[in-house]
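In: sharing a model prediction with you, sequence too.
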Amino acid sequence: MSDPHPSRHLDREDKRTFLQKLAEFIHPGPDSTAELIETLAEAEDNNIIGSESRAMLEGVIRMADLTAADVMVPATRMDVLNIQEPMDALLHAVIDTGHSRFPIFENDRENVIGILMAKDLLKLQRAPELNIRALLRPAVFIPETKGLNDLLREFRGNRNHLAIVIDEFGRVAGLITIEDVLEQIVGEIEDEFDVAEDEGDIFALADRSYRVSGDTPLERVNDAFSVVLTGSDPDDHFDTIGGLVSHEMGHVPKRGERFSLGGLDFVVMHTKGGAVRWFRVSASGQVQP
């Protein structure tokens, strides 16, 4: 049956004014990702959106082209725990790295048998008879080609915050967390290792070592540990302890690397954005910052 009021139907479909239609004809909308990002930049320049909003929208757009392989932590840099290790060794590893979740393997690093929540270790304090296997949660495995949009949807749906990434041969390629995905949208997220600059940068640990931020001023480190740390070339000047250690090592340190300088032993605890975020520092004697 025909519509008895075709003009009304057309009005409902397109309510744009003549001027709106003319403006869109002269300035058509973006027809590529690059043009859309340029449009967002123009909107920021015209004070239509703020810089943070523009950055987040760009992150959402760019994330559509990213996969798990693009943002995962490679297998060589994964902090994993061996279920056959003594409890004391596991606790030390948890404290040293400060993560909230750990892949657990048995016999071989490729054989991930579950995920351990750091907070679940507290249950062993109340019930020592518990076996650590009883605390493990199922591990989620995803392919390297998994799109970040789909992965974020799955993270939200199943409430998992960590997934093991598998390559085309079925081997562990790395791991990815919900934080890794969200950082593509909102930028770096402060985590359990991130402390505001005005809240301190050197912290005592239970094993009488110290956690030192990589961007701690070199002068503060020298004063705190009663040392004089300098580069091998006296003409070189460094503002931060991270810059000095990286220069002396000859490369950007990776998590777990060790280096000794000026009577202090440095272990890289955490890296982010190509820089050391935290060192664990110890000395031959007891040092009081």
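Out: In hand now; what should we look at? Numbers count the residues shown, from 1 in each chain.

In: drop to CA atoms for contacts and neighbour counts, all remaining ones
Out: Noted.

In: which stretches in the stretch 1-150 of the chain count as helices?
Out: Ranges of helices within the stretch 1-150 of the chain are 6-13, 18-26, 33-45, 51-63, 68-71, 87-97, 122-126, 148-158, based on DSSP state H, counting those that start in this stretch.

In: what does the last one rub up against?
Out: Translated: helix 148-158. Contact with helix 148-158 is made by 63-64, 66-68, 161-162, 178, 181, as judged by C-alpha atoms under 8 Å, 6 or more residues apart in numbering.

In: top of the residues you listed by number of neighbours, please.
Out: Top of those by neighbour number is Ala68, holding 27 neighbours under the definition other C-alpha atoms under 10 Å.

In: tell me the SS of Ser260?
Out: strand (DSSP: H, G, I helix; E, B strand; the rest coil).

In: what about the residue nearest to it when sequence neighbours are not counted, distance to Ser209?
Out: Leaving aside its sequence neighbours, Ser260 sits nearest to Phe266 (C-alpha to C-alpha, 6 or more residues apart in numbering; 5.9 Å). Applying C-alpha to C-alpha, to the nearest Å, the value for Phe266 to Ser209 is 10 Å.

In: the two - which one has more neighbours?
Out: Phe266 (22 against 17).

In: surely Phe266 forms part of a strand?
Out: Yes: the assignment for Phe266 is a strand, going by three-state DSSP.

In: can I get the helices of the stretch 1-150 of the chain in TSV including mean pLDDT and distance to Ser226?
Out: Shown next, in TSV, are the helices of the stretch 1-150 of the chain (pLDDT from 0 to 100; distance: least, C-alpha to C-alpha, whole Å):
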stretch	mean pLDDT	distance to Ser226
helix 6-13	48	76
helix 18-26	50	68
helix 33-45	78	49
helix 51-63	79	42
helix 68-71	90	40
helix 87-97	80	24
helix 122-126	78	37
helix 148-158	89	47
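
In: quick one: which of the ones you listed is nearest Asp79?
Out: The minimum distance between Asp79 and the helices of the stretch 1-150 of the chain falls on helix 87-97, with 7.7 Å, by C-alpha to C-alpha.

In: elements contacting the closest one?
Out: Helices and strands touching helix 87-97, by 3 or more C-alpha pairs under 8 Å, 6 or more residues apart in numbering; DSSP states H and E, are strand 81-82, strand 264-272.

In: rank those by pLDDT, which is bottom?
Out: The stretch with the lowest mean pLDDT among those is strand 264-272, at a mean of 85.

In: the following helix or strand past that strand to strand 264-272, inter-axis angle?
Out: Using DSSP states H and E, the helix or strand that follows strand 264-272 towards the C-terminus is strand 275-283. Strand 275-283 runs at 160 degrees relative to strand 264-272, counting by axes from the mean of the first three to the mean of the last three C-alpha atoms, to 10 degrees.

In: strand 275-283: partners in the sheet, and parallel or antiparallel?
Out: Sheet pairing of strand 275-283 (DSSP bridges) gives strand 210-213 (antiparallel), strand 264-272 (antiparallel).

In: just put the contacts of helix 148-158 in a markdown table and tack on distance to Thr240.
Out: Listed next are the contacts of helix 148-158 as a markdown table, based on distance: C-alpha to C-alpha, whole Å:
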| residue | distance to Thr240 |
| --- | --- |
| Met63 | 33 |
| Ala64 | 37 |
| Leu66 | 34 |
| Thr67 | 34 |
| Ala68 | 33 |
| His161 | 33 |
| Leu162 | 33 |
| Ile178 | 31 |
| Val181 | 29 |
